[in-house]
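>>> how does the following fold in three dimensions:
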Amino acid sequence: MDPQNSMVLKSGIWYTISNLILKCISLLTTPLFTRLLTKQQYGDYNNFISWQGIVIIFVTLNLEASLISAKFDYKDKFKQYIFSILTLSSVSTTVWLVLCNIFMAPLSAFMEINPLYINLMLIYCGFYVAINIYQISERYFYRYKTSVAIALGTAFGSTFLSLFLVYSLRDGLFGRILGGVMPTILVGLFLYLMIACSGKRIDFSAWKYALKVCLPYIPHLLSLTVLNSVDRVMITKICGSEYNALYSVAYSCGAMVTILMTSMNNAFSPWLGDKLHIKDYVAIRKVSKVYIAGFCYLAVGIMILAPEVLLVMGGQSYMDAKFVMPPVAMGCVCQFLYTMFVNVEQFEKKTIGMAFASAAAALLNLGLNAVFIPMFGYIAAAYTTLAGFLFLLVIHMLLVKKYGYGEVYNYKLVVAIVGTMMLITGGMNLLYTNMVLRIIAIVAYVLALGVVFKKCKDAGLIERFLKKK
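Numbering: from 1, shown residues only. Prediction:
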């Protein structure tokens, strides 16, 4: 196995393991926080988190998206580039802090968040970007150990500090928010100083470079936020909050596939950038075949076991929502595939098309929801979201081909994979109603995994991989 490919595989495995641990922390502590906080406090905290996800896009400017190309364009002064975009993010954070405090009264009323918590949110965003930029820059040099350690350390710190403060303080909501943001602020401050010492001075040309790449990315991210969340808003309005609860729990279970997507892309995108830089499209096509096949195989496994996951997460009363999970998981497969093409667009610094594509997908999702949720109920929202992600995949495939990178991936393979996975998604609905068929499917799945493992072992791939450091 090529040493670089081995590093990609190893980092992918470690990112997946760390993300699974992070997901488990969240799942295991949810029952604790729901009991320590009142319903109103728990609802207010989730409102805070929802707004934080939106605010962070504007405050940080998503400048880390420029690193995939800056690694080569600023090859000789990459550390200076990292420090430069970090200071640009700090300028943005400061501006937002000033503006928000000037208009704090109406802003607080609109967001339904205490002014103190809004300030904590903005400060959190300012230091979160230091962690994010540092972790991503480490990934581009395949130094995954530090990145994983920071992610796990921050997550454990936030969890235990939050539990301690919620239990100790009279105001549980303040304890939950303070415990959630303080570890990130402290770790971010340390990394900020470390990046500053390494980068030493600001290169203002990096500001212009990063903004050109990243500003179009903001509407792209906002549109994806709409695409991922508008269905729940519309279900509540059309069907009622009870159906939204069913959909939300099932959506969270089905979207566990995104853990794989995020983890694997963290490892794949730096390697892809290296290969695009030297125009080694043959290697990309070869590795991407295995990459896609491996992801889809894991996604099918999650689909098969989805009802059991739903039973653990929500209980028997949520089992009617199991039919939401196959289309949600398939939507995540489409996300995974179009992210591969988005990586190419980021490398080429062609992000305007991404913004228009995401906005169009969000509008498509809104229109389909308005038509089909009243006709078929809350389950229809899962299929309309899948349609939005499938639309995005097609658009990004066309954009990458237009930019002259049509040879990077095997388009016929992508189409064949999507068609096969769509058939499997449809078949899952039958499996969920027939236990005998599900047992047969699980046995066949495990046997297939055993065959692949044996072939890799016979070829010496596993032994060579384990010997790599």
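
>>> contacts only, for residue 114.
residue 108 (CB atoms under 8 Å, 6 or more residues apart in numbering). (C-beta placed from N, C-alpha, C; glycine too.)

>>> go again using 6 Å as the cut-off
Counting by CB atoms under 6 Å, 6 or more residues apart in numbering, residue 114 touches no other residue.

>>> and residue 223, by the same measure?
Residue 223 neighbours (CB under 6 Å, 6+ apart): 358, 359, 362.

>>> most neighbours out of those residues, which is it?
Within the contacts of residue 223, neighbour counts (other CB atoms under 10 Å) peak at residue 358, which reaches 26 neighbours.

>>> once you drop chain neighbours, what's closest to that one?
residue 223 (3.5 Å; CB to CB, 6 or more residues apart in numbering).

>>> ranges for the helices of the stretch 151-300 of the chain?
172-199, 204-214, 217-238, 241-254, 257-277, 281-304 (DSSP state H, counting those that start in this stretch).

>>> lowest average pLDDT across those helices?
Ranked by mean pLDDT, those bottom out at helix 241-254, which scores a mean of 67.

>>> related to what we said a few turns ago, pick the one among the contacts of residue 223 closest to residue 219.
residue 359 (6.0 Å; CB to CB).

>>> and the closest one, what's its pLDDT?
83.

>>> ok, now which ones touch it?
So residue 359 contacts 219, 223 (CB under 6 Å, 6+ apart).

>>> just use 354 as the starting number from now, easier for me
I'll keep to 354 as the first residue from here, and by that count the last item is residue 712.

>>> for the helix or strand containing it, buried residues please.
Using DSSP states H and E, residue 712 sits in helix 705-729. Within helix 705-729, the residues scored as buried using 16 or more other CB atoms under 10 Å are 705-708, 710-712, 714-715, 717-719, 721-722, 725-726.

>>> got it, and stretch 789-807?
791, 794.

>>> packing partners of the helix or strand containing residue 421?
Using DSSP H and E, residue 421 sits in helix 420-426. On a contact count with 3 or more CB pairs under 6 Å, 6 or more residues apart in numbering; DSSP states H and E, helix 420-426 meets helix 678-700.

>>> residues in contact with the helix it packs on?
418, 421-422, 603-604, 606-608, 610-611, 614, 618, 622, 625-626, 629, 648, 652, 656, 659, 707, 735-736, 738-739, 742-743, 745-746, 749-750, 753, 758, 761, 774, 778, 781.

>>> circling back: just put the contacts of residue 576 in CSV and tack on distance to residue 552.
Output for the contacts of residue 576, formatted as CSV (distance: CB to CB, whole Å):
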residue, distance to residue 552
711, 32
712, 35
715, 37
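
>>> residue 563: which of these is nearest?
residue 711 (19.6 Å).

>>> buried ones in whatever helix or strand residue 664 lives in, by neighbour count?
Assigned by DSSP H and E, residue 664 falls within helix 659-667. Residues of helix 659-667 classed as buried: 659, 660, 662, 663, 667 (neighbour count, 16+ other CB under 10 Å).

>>> check the offset of the helix or strand residue 742 falls within from the chain's centre.
Following DSSP H and E, one finds residue 742 within helix 733-755. The chain centre lies 17 Å from the centre of helix 733-755; the measure is CA atoms, centre = their mean, to the nearest Å.

>>> next SSE after it?
Assignment by DSSP H and E places the next element after helix 733-755 at helix 764-784.

>>> check which helices and strands that following helix sits against.
helix 634-657, helix 678-700, helix 788-811.
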